[in-house]
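*Asks:* quick check, what structure comes out for this input:
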Amino acid sequence: TSLPSQRSRSTSTRTIICSIPRPVDRFTNTSMDMITLRLVHGYDDASIWAMIDAARQTHLKKLMLQLYGTGNLPYLKDDLIQCLAEATAGVVVMATSQCQTGSVIMGHYATGQKLLGAGVVSTSDMTIEATTTKLVYLLRRRDLSTDEMRDLMAQTAPAAVGEHL
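*Replies:* You can find the predicted model right below:
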């Protein structure tokens, strides 16, 4: 709990107590067990698989993939799709775009369809920072399953936050 700090000052006849509220840190004790992967041409599936596997053993909660354009991989590799499908068990895997503008539209191309089938969630037009902030908020609620977080990540921020803000 956050208790206000108190400062007291004695005068000749009375004591004045001033309460100075501290800002409440809504994200205290929030686990930031997250990997962000910016996928480029020539990435190595085995290295990505090993990194995700090692991170899952240390309580990975979120995996953010920075993809091309509307949510495309540089190459459609079945090993990576299988790795991501396995990672979605207990981990929220999200797809963001490396582009400054635009939106991730899963299913627009074959690669996006495979990612969607593996359980990867589109972040639509959210920036990496907005995506991280939204997911940290959802993790702080502690009443949501991984599937519920995935569903809420796919909704607009007001709908995901709802009455809990």
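*Asks:* all strands for this structure, in order.
*Replies:* Secondary structure of the chain, counting by DSSP state E: strands at 5-10, 15-20, 34-38, 62-67, 92-97, 121-122.
*Asks:* the ones you listed: lowest mean pLDDT?
*Replies:* The stretch with the lowest mean pLDDT among the strands of the chain is strand 15-20, which comes in at a mean of 41.
*Asks:* now do the helices in the chain.
*Replies:* Ranges of helices in the chain, per DSSP state H, are 45-57, 78-87, 110-117, 128-141, 146-153, 157-161.
*Asks:* could those helices go into TSV alongside distance to C99 and mean pLDDT?
*Replies:* Quick note: C-beta positions are derived from backbone N, CA and C, even for glycine. Supplementary listing: those in TSV, determined by distance: least, Cβ to Cβ, whole Å; pLDDT from 0 to 100:
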stretch	distance to C99	mean pLDDT
helix 45-57	21	84
helix 78-87	21	88
helix 110-117	14	88
helix 128-141	12	84
helix 146-153	19	88
helix 157-161	20	60
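*Asks:* now those in TSV, with mean neighbour count?
*Replies:* Supplementary listing: the helices of the chain in TSV, determined by neighbours: other Cβ atoms under 10 Å:
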stretch	mean neighbour count
helix 45-57	14
helix 78-87	17
helix 110-117	18
helix 128-141	17
helix 146-153	17
helix 157-161	13
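*Asks:* those helices: which one's closest to Q100?
*Replies:* Counting by Cβ to Cβ, Q100 lies closest to helix 128-141 out of those; the figure is 11.3 Å.
*Asks:* let me know the angle separating the closest one from strand 62-67.
*Replies:* Between the axes of helix 128-141 and strand 62-67, defined by axes from the mean of the first three to the mean of the last three Cα atoms, to 10 degrees, the angle is 160 degrees.
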